[in-house]
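**Student:** Mind looking at a prediction? Sequence and model below.
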Amino acid sequence: MSVSVVTFFNPKAGIGKTSLLYHTAWMLAELGHSVLVVDLDPQATLTTRLVDEDTLEDLWTQETDRARTVAQAVEPVLKGGELREADFVRVADYLALLPGDVALAAFEDALAQAWPQCLGDGDLLRPFQAMTAFWHMAQSAATRADAELILFDVGPNLGAINRAALVATDHVVVFLAGDLFSIQALRTLGAALTGWRSDWTKRTANYKNPRMALPSGAMVPAGYVVQQHEVRLTRPVRVHTRWRDRVPAEYRTCGLAKTEFTGYVEGDPECLAIMKHYRSLVAMAQEAGLPMFALRAADGALGAHGRAVQAAYSDFKELVEHLLARIGDHL
Ligand SMILES: Nc1ncnc2c1ncn2[C@@H]1O[C@H](COP(=O)(O)OP(=O)(O)O)[C@@H](O)[C@H]1O
Ligand SMILES: [Mg+2]
């Protein structure tokens, strides 16, 4: 049995998705679920949040025999060699990380070429090794890290790296700003998931006697998280609310849910959470290198801040419980 992969996907940059994944991962660990996070965004924001600068410099600049970032692990495969076993960083008892790397961006072309090659009629080992490299890398690390769940962070685009990440994905969490852009991007995202799912099925059917395990490419939408407010309030809240109210209907129109629902996001069973703006807690948490809900008095979380920390704990606990209920059968 493989370990389930949940990918957090957002159609737009800078809206707080990596922060959401970071807090979800820490809360899963807090609740006793062992989790492996994999940073597949070449921007590597998640990695910079989880490891200190000295370790980062070491990971990114020191040549060793071991693969210590996702790019170092998959590089040989995309050049026709074998996948290297990727070392994970143990961040906490129940939290492990496969670090990201800006070098990953260089693999966009190789992954774009492997996709049509999977439909060829020659030896399909190479293109399938390339298309499933992220999945095999993550499964191997999850087994070694004793993780029961894998979370993928990806960049905000529909490129070949993300397609390979989605092929390896069982469940997709959609993160939305709830603005006009997000509404339009939902359509593109819905179409991409539907297309990739059936394209992957065609490819696996074309590979008659696979010489390795293949991911199912299920990409089942697990629900969405919507921002309560823009991270930077550049527009009146009223305008934001107007677009946000269209999310439940659009989510369904785009084929991301089959459930009938006509209300607002607040009552939508597909809505995993409405992400608050956590204001000063955000900077305090980044400074302390901790999730917002783990800030202590010694980190400056006193008085009203202390109460905000407790509220954040409840918010993320609820979100994680909601998510686990949606994907629970697959754990
Ligand atoms: N809930 C939130 N409240 C306030 N600020 C947030 C929140 N989530 C994220 N941010 C801030 O927004 C910025 C972008 O967040 P990030 O998670 O990197 O976005 P993305 O992954 O969508 O590009 C960061 O500076 C982060 O600290
Ligand atoms: Mg990000």
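**Tutor:** Looks like it came in fine. Ligands and ions are numbered 1, 2, ... in the order given.
**Student:** and whatever residue of the chain ends up closest to ligand 2, how many neighbours?
**Tutor:** Residue nearest to ligand 2 within the chain (CB to the ion): Thr18, separated by 3.2 Å. The C-beta positions use only the backbone N, C-alpha and C, and glycine is treated the same way. Other residues near Thr18 come to 25 when the count uses other CB atoms under 10 Å.
**Student:** quick one, phi psi at whichever residue of the chain sits closest to ligand 1?
**Tutor:** Distance from ligand 1 to each residue of the chain (CB to the nearest ligand atom) is smallest for Gly16, at 2.8 Å. Backbone torsions of Gly16, given as degrees, to the nearest 10, read phi 110, psi 20.
**Student:** Do I have it right that it meets Tyr278?
**Tutor:** No - Gly16 lies out of contact with Tyr278 (CB atoms under 8 Å); the separation is 9.4 Å.
**Student:** Low-confidence bits of the stretch 201-331 of the chain, can you list those?
**Tutor:** 229-240, 329-331 (pLDDT under 70).
**Student:** where along it do the helices fall?
**Tutor:** 237-244, 247-253, 280-288, 304-327 (DSSP state H, counting those that start in this stretch).
**Student:** which of these is buried the deepest?
**Tutor:** helix 247-253 (a mean of 19; mean count of other CB atoms under 10 Å).
**Student:** Could you report the separation of the closest residue to Ala112 other than its chain neighbours from Val172?
**Tutor:** Take Ala112 and drop its neighbours on the chain: the residue closest to it by CB to CB, 6 or more residues apart in numbering is Ala160, 3.9 Å away. Ala160 sits 17 Å away from Val172 when distances are taken as CB to CB, to the nearest Å.
**Student:** what about the strands in this structure?
**Tutor:** 5-9, 35-39, 89-92, 95-98, 149-153, 171-176, 220-227, 271-275 (DSSP state E).
**Student:** Any chance of those strands in a markdown table with mean neighbour count and distance to Asp65 as columns?
**Tutor:** Listed next are those as a markdown table, based on neighbours: other CB atoms under 10 Å; distance: least, CB to CB, whole Å:
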| stretch | mean neighbour count | distance to Asp65 |
| --- | --- | --- |
| strand 5-9 | 25 | 27 |
| strand 35-39 | 28 | 21 |
| strand 89-92 | 15 | 17 |
| strand 95-98 | 25 | 17 |
| strand 149-153 | 26 | 25 |
| strand 171-176 | 25 | 35 |
| strand 220-227 | 22 | 38 |
| strand 271-275 | 22 | 41 |
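**Student:** Who are the contact partners of the residue nearest to Ala112?
**Tutor:** Ala160 makes contacts with Glu108, Asp109, Leu111, Ala112, Trp115, as judged by CB atoms under 8 Å, 6 or more residues apart in numbering.
**Student:** What about Tyr207, how many residues nearby?
**Tutor:** Tyr207 has 17 nearby residues by other CB under 10 Å.
**Student:** same check, this time on the one 10 residues further on
**Tutor:** The burial count assigned to Gly217 is 23, neighbours taken as other CB under 10 Å.
**Student:** Val174 versus the nearest residue to it once chain neighbours are set aside, what's the distance?
**Tutor:** Nearest residue to Gly217 in three dimensions, chain neighbours excluded: Trp200, at 3.6 Å (CB to CB, 6+ apart). When CB to CB is the yardstick, Trp200 and Val174 sit 19 Å from each other.
**Student:** coming back round to it: roughly how far does the residue nearest to Ala112 sit from Phe9?
**Tutor:** 15 Å.
**Student:** and what of Cys271?
**Tutor:** 15 Å.
**Student:** do the same with Phe88
**Tutor:** From Phe88 over to Phe9 (counting by CB to CB), the distance is 22 Å.
**Student:** contacting residues around the closest residue to Arg203 other than its chain neighbours?
**Tutor:** Spatial nearest neighbour of Arg203, chain neighbours left out: Cys118 (4.0 Å); criterion: CB to CB, 6+ apart. By CB under 8 Å, 6+ apart, Cys118 lies in contact with Leu124, Pro127, Phe128, Met131, Arg203, Asn206, Tyr207.
**Student:** Who are the contact partners of the last one?
**Tutor:** Taking CB under 8 Å, 6+ apart as the criterion, Tyr207 is in contact with Cys118, Leu124, Phe128, Leu214.
**Student:** Might one say that the last one is in contact with Ala133?
**Tutor:** So that's Leu214. No - contact between Leu214 and Ala133 fails when scored by CB under 8 Å: they sit 11.9 Å apart.
**Student:** List the residues that contact Ala142.
**Tutor:** So Ala142 contacts Val3, Leu36, Ile150 (CB under 8 Å, 6+ apart).
**Student:** okay but Val51 is in contact with Arg90, surely?
**Tutor:** No - counting by CB under 8 Å, Val51 stays clear of Arg90, with 10.6 Å between them.
**Student:** Next, count neighbours for the residue nearest to Leu189 when sequence neighbours are not counted.
**Tutor:** Nearest non-adjacent residue to Leu189, counting by CB to CB, 6+ apart: Pro11, 5.6 Å away. Here the number of neighbours of Pro11 (other CB under 10 Å) works out to 23.
**Student:** I am finished for the moment; much appreciated.
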